Structures are given as C-alpha cells and as structure tokens.
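Visitor: got a sequence here, can you model it:
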Amino acid sequence: MKLIRNLIVIVVFVITTFSCSEDILDKKPLDKVSSADVWESRGLIEAYLSDVYAQIIPMYSWVSDTEDDWTDDMHTDNRRAVTQETFDKFFDAGWNQYGKIRLCNQAIEGMTATTALGDQEKMELIGEAKMLRGMVYYWLAVRFGGVMKVDKVLTPTDSLKLTRASESEIYDFIIEDLTFAKNNMPDVKKKGRLNKAAAHAFLIRALLQAKRYDKVVAEGNDFIVAKTNYGYKIDPDFAGIFNDYNKGTNSSEVIFMRYGTKTGFPDMMSSPMQWRLPLSTGEGDIKGTIKDFKPNLYGWAMWYPTQDLVDAFLMVDEDGTAKNWWETTYWQKNKNNGKLADQFMYKNRDKRFYSSIIYDGCIYLGDTINIRPPFWAYRKQMDRKLHRAMTGYTIRKGMYNNVIDWSWPPPAVDYHWPLIRLSEVYLNYAEGLIRTNKSADALPYINATRTTHGGLPALASTANILKDYKRERRCELAFEMLRYWDLIRWAETESLSTVPELNVDPTYIDISGDGSKYCILTVNGKFVSGDLDHYNSLESKVYNFGPTFPERVFTKKRFRFPVPQKEILENKNLTQNPGWE
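Guide: The predicted structure is shown next:
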C-alpha cells in the first residue's frame, strides 16, 4: 500500500494546483507504477489524469524550438534540415506517440469500469481523457496523415504490427473523440484544465485542418452564436494576454493555457524567455556588453522574427487607411528625414506589432533597444555565444515586461502560455465561411480581432477577403505554433504543388548606425529593397557574416513527413508517405 500512499500525496498537490506545471511534468508516468486500485479512488484518478496532462500538453507549448521555426515568420541557425529539406526517409518528426495514447486508453477503460465515480462525473472525466487522446492524434495527423489507430489498451495477445488508417479515418476518430468531449465535459473554467469550451474550440481547429469547411461553419456557429462563446470575450488588452502573468492567466478570451508558478516552475531557463531574449553580457570566451542597456539578460536567443513577418503588420496612414508601411504617405514624406527606423518605419503600426516584436528604437524593460552599430544586438555580434538579433528583430510576444535582473543562477518565475483562445475560434470560423462562399458573413469575425487587437480600421469589402484574412491570421496568431499548418492547409485547399511562402529565403534588415539608411536582404545576402548604397557598403551581406548556405525549399512530398524508416523496418505492415519511398 506504499504505492497508494505515495499517490495520495500527489493527489493532494494536484487538487490544489492542477496547473500542468513542470513539477508535474517531470514525474515518472503513473501507469508504470499504478494498479487497479487507482480506478477505485477519485483522488487517484485525478492524479493519473494529471500525469496524462503532463505527457500531452507540452506537445503544444513552450519548447525551445517549435514548428514556427519551419515558417516564413522565423529564422534560426537550428533545425535547417526541415526548411532546406535536406532530410530523408530516416527522419523522425515524432512518429511514436503511442505511449501517450496508451495512457489515454488506460484512463478511458479504467474510468468506464470504475465504481468510484457517479455517472455524470464518469462521463465528464472520460470526455477529458478522450479530448487528450484526440489532441495526440491531431498532432500526429498534421505531420504524417494516416497513422496507426489504437482505441483500446493493447494486451500481450494483441498484434502490435498494425497498419495505418487513412488520414480521413484518423480525422474521423479525432472528431469523434472531441465531439464526445464537447458533449460531456463540464463548463467549469479552471486554469490549466480543459473544459467543454476547449473541446469545442479544438474540434473546430481539427475540422478546419481536415478541410471540412461546412462542418467548421456549423460548429463555429454553434460555439459563437448558440453557445454565446461559452461566456468568453475578446480581450482588448492583447499585450496583457501574453506578456503579463496576472493579466494573461485571468484573460477573458483564454480558453485553455499552460502555466506554472514560482513555487512549482523551476526557473527562467525553463520558459521560452530563455530561448528568445538576447544575452546582454556575453559569456565564456566571448566578452562585451550591450551598450547603454541596463537590465541584465541571460537569454540564449536562437529564433528570430523575419522581415517578412514584420512587413505583415500594417501601418495606419494619415488618411486613416491601413497600408503596407512603404506605401504610406506618412513614410514617403518622412523617409529622407535622417531618422529612419525608430522615427518613421515602425510608427503607427498594427498595435500587435508592439506586443510581438522587439525592434530598433523600441523601449523594452525601460531602455531603448538599438539594433544597429555600434549598439547591442547588431548582427556582427552574432557569434552563437552572444545570442543577439540575427534578423534585426527578437521576439516580444510571451516575453514578460517585468524582468528586472536575470543573471546566474536564474530566478524563479511565474509563466503562462495560452493554447486555445477565442480569437482563434473567430478566425477559424471566418475561414470556414470564406471557403463556403459566405465571405460577407466572415467580415465581422475578422474585424473583431483586426480592430480590437490591431487597432486597424475595419474591413468593409470582401474584394480581397482571402488575402486580408491570411494577413490577419498571421499577425493575430504569430508564434502560436499554427502558421506552418495554416500554410499546408491553404496550399492543399488551393491545389498547389508547393507552399510558396516556404520556397523562398526569409529576409532580414540592416540599419545604418545613424539610422538614416537601411536595406532589406535575404539571409543569404541578396538585395530585396531599401538603399542600394548602404547594401553595397556592408562588410558582409550574409546575415551571420558566414558563408552562404542552402536556400529554403518546399517540394510536394513535404506536405506530410516521412514515416521513419526504422518503424517500417520493424513493422512491415506500415507504408511510406508519397515521395519518401
């Protein structure tokens, strides 16, 4: 019974802080030590479910590198194999998630048979387990298409050499699980725990990725109109949703989040801030501090926003219309005034820009950031040990504004990250409406985020609705691990043989020391726009002062990743995805 006593201790913790925090995430899986007794105790069932959360939720949140790295929104020196498509059929994009699926199946079967729960409570918790299983299968489906469908706990007598179900069959299974969850989970809102609204929102996400647009419209209408958003509301404080712990964890639009507190979350190095903020002092054999910057930042930034993403954030012109910044009257009148970047290039932008991007001339942690010589983060200081802005920008979204001193040892922090928001539901619904020829009906839902979060004038015309929608989604959901799958979905819907946005090198900006000149280049040094004299004067045109490297490429086979060849060698019933044979 020592096992049961130990689990009870865990349960006490789980009931008081069901937050998917790192202290839970690092536990040994309970299914490896539990027994049938678990399913006869309400508390032990909760402890088991917390472990299932601990295994699955990190698939969707704060890892050092994410699928955002594969998009035109970000550039990095890491994970180039995917963006340059230099990998082969031996590459493993995460095929074997069946340990997590087994955890879910054990929970579903155990709670189905238990006598420790009332009928309603049993259905609620089974719904929770089915949603978690649906999330695992969705994660697999977007990467591989069809995978092995396992809907029960396999026994030693069951064959483990399963075939792949089709992609359509897997989406049917995901939708079945999420529909059950939506119909049976409670409405209660508790930080860090899934509920009915989360299941419904994720169902809409899955239907959208499956390109079942009629059903997206039906479920979106049910969520937004019939269910009146389950009480959630668009939060006007976009910055607060991501960049402030107290505001974000109490936001009116966050349906589900992952979070940790100082008492349970290890330290700053365990948060995304470690990998996205720069190192201000240098370390090891690389010395030198960021000039005129007071806060001490011990970040190891390796992922940087591209100029392509920055250009997506529109500028409000003098006449109140929203335009590309270089097309505005405001820019044309002021571009030769000598104070280029910090005075004119980044003024009057979509408000989300200022909450999402650290740029030249901005104020962060009470100091001005100058991303040009001779100041901090200039690209010539891009030795990997300095971790400074490789593209002329660093990420601000999800970076807190109250970092006072971050040295060694790193301080304990509260941290959160929204995984499902009402804004995404609105945009998913809008896309369904556009794809089913109801573009006029989509306008209010695009404008809900465009005006409230972006501060941009409302769209009044559907003439360029799909283009406007894609830009809006990009700006609203930047760095939320959705864009790569958006680009895949759009290309497939539009019957393209490639993804155009992933077939070109990303761009970066170089600004002269006095701020009077700039040029925009590809990371391999090709001139795109700006001052040609400044471009020709650069000591190096390649963004990291190194040799050129293979350009980005996307061919048809990458619409789905390969089934790892080692899996096929172990299970002859598996088939390979097209192009990877």
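Visitor: end-to-end on stretch 143-163?
Guide: With Cα to Cα, to the nearest Å as the measure, stretch 143-163 spans 17 Å from end to end.
Visitor: so where is the chain shaky, pLDDT-wise?
Guide: 1-35, 63-65, 77-79, 266, 280-294, 338-342, 374-388, 404-405, 407, 545 (pLDDT under 70).
Visitor: just the strands in the stretch 351-500 of the chain please.
Guide: 357-358, 363-364, 367-368, 394-395, 415-421 (DSSP state E, counting those that start in this stretch).
Visitor: quick one: closest of those to Y245.
Guide: strand 415-421 (5.8 Å; Cβ to Cβ). Where you see a C-beta, it was placed from the backbone N, CA and C, and this is true even at glycine.
Visitor: touching that closest one from outside, list them.
Guide: Strand 415-421 is contacted from outside by 57, 60-62, 198, 201-202, 205, 241-242, 245, 248-249, 251, 253-260, 265, 270-273, 398, 400, 480, using Cβ atoms under 8 Å, 6 or more residues apart in numbering.
Visitor: so of the residues you listed, which ones are in strands?
Guide: V254, I255, F256, M257, R258, Y259, G260 (DSSP state E).
Visitor: which members of these are classed as buried?
Guide: Burial by neighbour count, 16 or more other Cβ atoms under 10 Å: within the ones in strands among the contacts of strand 415-421 this picks out V254, I255, F256, M257, R258, Y259, G260.
Visitor: OK, contacts around the fourth one?
Guide: Taking Cβ under 8 Å, 6+ apart as the criterion, M257 is in contact with K191, G192, G248, T249, H416, W417, P418, L419.
Visitor: most neighbours, which of the residues you listed?
Guide: Greatest neighbour count in those, by other Cβ atoms under 10 Å, goes to H416: 30 neighbours.
Visitor: can you show me the helices along the stretch 201-350 of the chain?
Guide: Along the stretch 201-350 of the chain, the stretches classed as helices by DSSP state H, counting those that start in this stretch are 213-221, 238-243, 245-249, 273-276, 307-312, 329-334.
Visitor: which among those helices is found nearest to N96?
Guide: For these, the distance to N96 is smallest for helix 273-276, at 25.0 Å, taking Cβ to Cβ.
Visitor: figure out how far that closest one is from the centre of its chain.
Guide: In terms of Cα atoms, centre = their mean, to the nearest Å, the centre of helix 273-276 is found 14 Å from the chain centre.
Visitor: do stretch 331-351 as well
Guide: 30 Å.
Visitor: and I420, how far from A197?
Guide: As judged by Cβ to Cβ, to the nearest Å, I420 and A197 stand 8 Å apart.
Visitor: re earlier: reformat the helices of the stretch 201-350 of the chain as JSON lines; add distance to K227.
Guide: Shown next, in JSON lines, are the helices of the stretch 201-350 of the chain (distance: least, Cβ to Cβ, whole Å):
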{"stretch": "helix 213-221", "distance to K227": "10"}
{"stretch": "helix 238-243", "distance to K227": "21"}
{"stretch": "helix 245-249", "distance to K227": "23"}
{"stretch": "helix 273-276", "distance to K227": "35"}
{"stretch": "helix 307-312", "distance to K227": "32"}
{"stretch": "helix 329-334", "distance to K227": "43"}
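Visitor: figure out which of the ones you listed is closest to G320.
Guide: Among the helices of the stretch 201-350 of the chain, helix 329-334 sits nearest to G320 (Cβ to Cβ), with 11.2 Å.
Visitor: and the closest one, what other elements does it pack with?
Guide: Packing partners of helix 329-334 (3 or more Cβ pairs under 8 Å, 6 or more residues apart in numbering; DSSP states H and E): none among the helices and strands.
Visitor: please renumber so the chain begins at 11
Guide: From this message on, residue numbering opens at 11, which makes the last subject helix 339-344.
Visitor: buried residues in that helix?
Guide: The neighbour-count check on helix 339-344 (16+ other Cβ under 10 Å) flags Y340, W341, N344 as buried.
Visitor: residues in contact with the last one?
Guide: By Cβ under 8 Å, 6+ apart, the residues touching N344 are Q353, F354.
Visitor: give me that answer again for 7 Å
Guide: When contacts are counted by Cβ atoms under 7 Å, 6 or more residues apart in numbering, N344 touches F354.
Visitor: for W336, give me its contacts.
Guide: Contacts of W336 (Cβ under 7 Å, 6+ apart): none.
Visitor: separation between E56 and F248?
Guide: From E56 to F248 the distance is 34 Å (Cβ to Cβ).
Visitor: who has more neighbours out of these two?
Guide: Just comparing E56 and F248: by other Cβ under 10 Å the higher neighbour count belongs to F248, 24 against 16.
Visitor: you'd agree that one is up against T461?
Guide: No - contact criterion Cβ atoms under 7 Å: F248 and T461 do not qualify, at 11.6 Å.
Visitor: circling back to that earlier point, and of the strands of the stretch 361-510 of the chain, who's closest to W313?
Guide: strand 404-405 (6.9 Å).
Visitor: and the closest one, how far from the chain's centre?
Guide: Worked out by Cα atoms, centre = their mean, strand 404-405 lies 14 Å from the chain centre.
Visitor: what's it packed up against?
Guide: strand 313-315 (3 or more Cβ pairs under 7 Å, 6 or more residues apart in numbering; DSSP states H and E).
Visitor: contacts only, for the closest residue to T517 other than its chain neighbours.
Guide: Leaving aside its chain neighbours, T517 sits nearest to Q317 (4.0 Å; criterion: Cβ to Cβ, 6 or more residues apart in numbering). Neighbouring residues of Q317 by Cβ under 7 Å, 6+ apart: T401, G402, T517, Y518, I519, I530.
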